[in-house]
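Asks: Need coordinates for the following:
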Amino acid sequence: MKTLIALFLALCSTVSWAEQPSHEQARKDITKTLHTFMEGASINSAAIHDAFWADELVYTSSSGTRFGKAELMSGVHASGEITEQPLTSYYTAEDIEIRFFGPTAVVNFTLVGHTETDAGYSRQTFLNSGVFVQRNNRWQAVNWNATRTAE
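Replies: Numbers count the residues shown, from 1 in each chain. The predicted model follows:
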């Protein structure tokens, strides 16, 4: 019993529950982070990608490959930032759901890829899930899964 009490006190001394944001504020912060990321991903911004993804990221793509932040950032840098205006392809997030498990958040949403060409408009959807942790007053994705939506 003494061990259990000591463990509880040690946990309480390392985690300040009063400093944790309310779930309402955290939802707003994560939603804003996600929308900012969609805008930055639309132009392939290396700075936005670097801020969004945690260093220990595990990413499972819709094509079935798994990789980390270093490989993801290498691809971002190789492709370069998109400077054409107006954008003919861009991303948005719809149907955002956020659930909290202590200081961790699980985010599920529909990523929508929009493409506008002379031939018209097309829309692709992907079901995305991410696990976010808060560090240094910002939320970062440590795990990500993207799945192409079924026809």
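Asks: where does this structure have low pLDDT?
Replies: Applying pLDDT under 70 to the chain flags residues 1-21.
Asks: Could I get the full set of helices for it?
Replies: 2-14, 23-42, 46-52, 69-79 (DSSP state H).
Asks: Specify the stretch among those helices that is closest to D95.
Replies: Nearest to D95, of all the helices of the chain, is helix 23-42, at 11.7 Å by CB to CB. No exception for glycine: its C-beta is placed from N, CA and C like everyone else's.
Asks: buried residues in that closest one?
Replies: Residues 26-27, 29-31, 33-34, 37-38, 40-42 are the ones in helix 23-42 that count as buried (16 or more other CB atoms under 10 Å).
Asks: what would the residues you listed look like in TSV with distance to R66?
Replies: Formatted as TSV, the buried residues of helix 23-42 follow (distance: CB to CB, whole Å):
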residue	distance to R66
A26	28
R27	28
D29	28
I30	23
T31	26
T33	23
L34	21
F37	20
M38	22
G40	23
A41	19
S42	24
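Asks: Among those, which one lies nearest to F132?
Replies: Among the buried residues of helix 23-42, and counting by CB to CB, the member closest to F132 is I30, at 6.1 Å.
Asks: Distance of L57 relative to N145?
Replies: Distance of L57 to N145, given as CB to CB, to the nearest Å: 12 Å.
Asks: right, I mislabeled it, should have said P103
Replies: Applying CB to CB, the value for P103 to N145 is 21 Å.
Asks: T110 too?
Replies: According to CB to CB, T110 and N145 sit 13 Å apart.
Asks: And E94, by the same measure?
Replies: E94 is 17 Å from N145, by CB to CB.
Asks: higher neighbour count, the two?
Replies: N145 (17 against 9; other CB atoms under 10 Å).
Asks: OK, contacts around the more buried one?
Replies: 60, 128-130 (CB atoms under 8 Å, 6 or more residues apart in numbering).
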